[in-house]
Structures are given as structure tokens and as C-alpha cells.
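Student: sharing a sequence plus its predicted fold:
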Amino acid sequence: MLTPNSSVYLTLFTSGSSRVITPGKVLDTYDNTAKLQFPLGSELKAGAKLVIFADWRGKFHSQSVLINNVKASNGNSVIDITTDADPVLCSEEETFRISALGQNILLSVDNQINCQLADLGEEGLSVITQQPLRVGQSVSINLTVDGIYATGTMSVAGQEKLPGGQTAFTLEVTEKKCNLRKSLESLSATLQRKQLRKLTAAA
């Protein structure tokens, strides 16, 4: 499933039924082992098991791996892993979000401006706010990335502790078909392209 210089994704934390994934890069592979690079600060420890994701044969797959070694290198975490299971095709019903931590993307939530986007997907997002939000309340968001606007009302579905200790509040789109959902789909694709370009530039 893994090939050198390709993209790989790692689940850092979960929010409800969604999985938030952070992009990384495959540095090298040999038989059932590989060397992967992820942003420094990811909670990775030798001896731990985790699930990684990658686009394989035109489909999004997951695979269970064992971390053999972790070291810091040029602002990133480089891990040596061994695969301990065959790749599994991800269900189309599974929801994934792209991490936006470290990209300093700001948005407004009700009257709170300069809130930080933590992650984003087709059905919702997570945000770090100055004042806490209440689960169940409706909030208005205003977000712009590369000329794509996402404005509308969302529902606070929960909260999660981030690896750095901050709290992110999970917001979900309440309507199945609306302009806000279409905007989030476009923004999610935009963030993926931005992250892949960043990985390519760092190669």
C-alpha cells in the first residue's frame, strides 16, 4: 500500500464518528517495513500500534502498523514501522477530516473572531475558540480559504482534547443538502492540495 514519496495519513484524534487525519510522507519502504514522516508533535511512541491511511489502487485504504522507532528530524517526526495486517478498503460511509493545525487558518464563530480551524471535512469542522461553546447550540461560522467561502449555521456536536492540550469544538452541518456543505467539500479538497504541495516542497 505504501510507496516512496507518496502521501500517507495518520489519525491523531477522533471527534464523534469522524476520524481526523494528518498528512505525512512515505520516505522509504522495504518488504513489510517503511519509514514515514509526520509533523513534529504527533503523539507517536515506539512499541505503539496505529492505523495509517493511503490512496492505493485508486481507493482509500487503511492498514494496521507497529511503530519500531521514532526520532525528530528537521521539524518532523520520522517513524520506522512494520505492517502487521493487509490493507483494508475504507467504507464510502466513513467520514474523514483533514487536520488544519499549524496552518493558521482563522474563522469567526458567532461573535468570536480569529478562531483557529483545527480540522475540516465535508460534513463539518472543529475549531479552537476563545470562549467555550455548548454542545447542542447553533452557531454561525464564516470561513474563507483561497477565495472559497463557507458561511452558514452549524450545530455544536462535541469537543475534543488536541495533542497540544487545547480544546477543539466539533461543529456539524445540520442540513443534508445546502450551500454550506458544498463549500466544505470544496474547502476540504483545497486543504488536501495545499498540504500535498507543502509535502512536495519539503521533499
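Tutor: Perfect, thanks for sending it.
Student: can you pull out the helices in the protein?
Tutor: Taking DSSP state H, the helices of the chain run over residues 179-202.
Student: so where's it uncertain?
Tutor: Along the chain, the parts satisfying pLDDT under 70 run over 11-21, 40-43, 58, 91-96, 163-164, 193-203.
Student: how about a cut-off of 90?
Tutor: 1-25, 30-32, 37-67, 70-78, 83-104, 118-124, 135-136, 144-149, 157-168, 172-203 (pLDDT under 90).
Student: look up how far residue 90 lies from the residue lying farthest from the centre of the chain.
Tutor: What lies farthest from the middle of the chain is residue 31; by CA atoms, centre = their mean that is 27.6 Å. Distance, residue 31 to residue 90, using CB to CB, to the nearest Å: 24 Å. No exception for glycine: its C-beta is placed from N, CA and C like everyone else's.
Student: and stretch 120-138, what's buried?
Tutor: Neighbour counts over stretch 120-138 (16 or more other CB atoms under 10 Å) mark 120, 121, 122, 123, 124, 125, 126, 127, 128, 129, 133 as buried.
Student: nearest to residue 189, out of those: which one, please.
Tutor: Within those, distances to residue 189 taken as CB to CB reach their minimum at residue 122, with 9.1 Å.
Student: residues contacting that closest one?
Tutor: 95, 181, 184, 185, 188 (CB atoms under 8 Å, 6 or more residues apart in numbering).
Student: of the residues you listed, closest to residue 26?
Tutor: Distance to residue 26, by CB to CB, is smallest for residue 188 among those, at 22.1 Å.
Student: tell me, how many neighbours does the closest residue to residue 88 other than its chain neighbours end up with?
Tutor: Nearest non-adjacent residue to residue 88, counting by CB to CB, 6 or more residues apart in numbering: residue 62, 5.2 Å away. Applying other CB atoms under 10 Å, we find 20 residues neighbouring residue 62.
Student: isn't residue 62 up against residue 53?
Tutor: Yes. Between residue 62 and residue 53 there is a contact at 5.2 Å, judged by CB atoms under 8 Å.
Student: quick one: common contacting residues for those two?
Tutor: residue 90.
Student: that older thread, measure the residue nearest to residue 88 to residue 120 for me?
Tutor: 20 Å.
Student: what segments of the chain are strands?
Tutor: Here the chain has its strands, by DSSP state E, at 7-15, 18-30, 33-39, 49-56, 59-73, 76-83, 88-89, 95-99, 106-109, 112-120, 124-128, 138-145, 148-161, 167-173.
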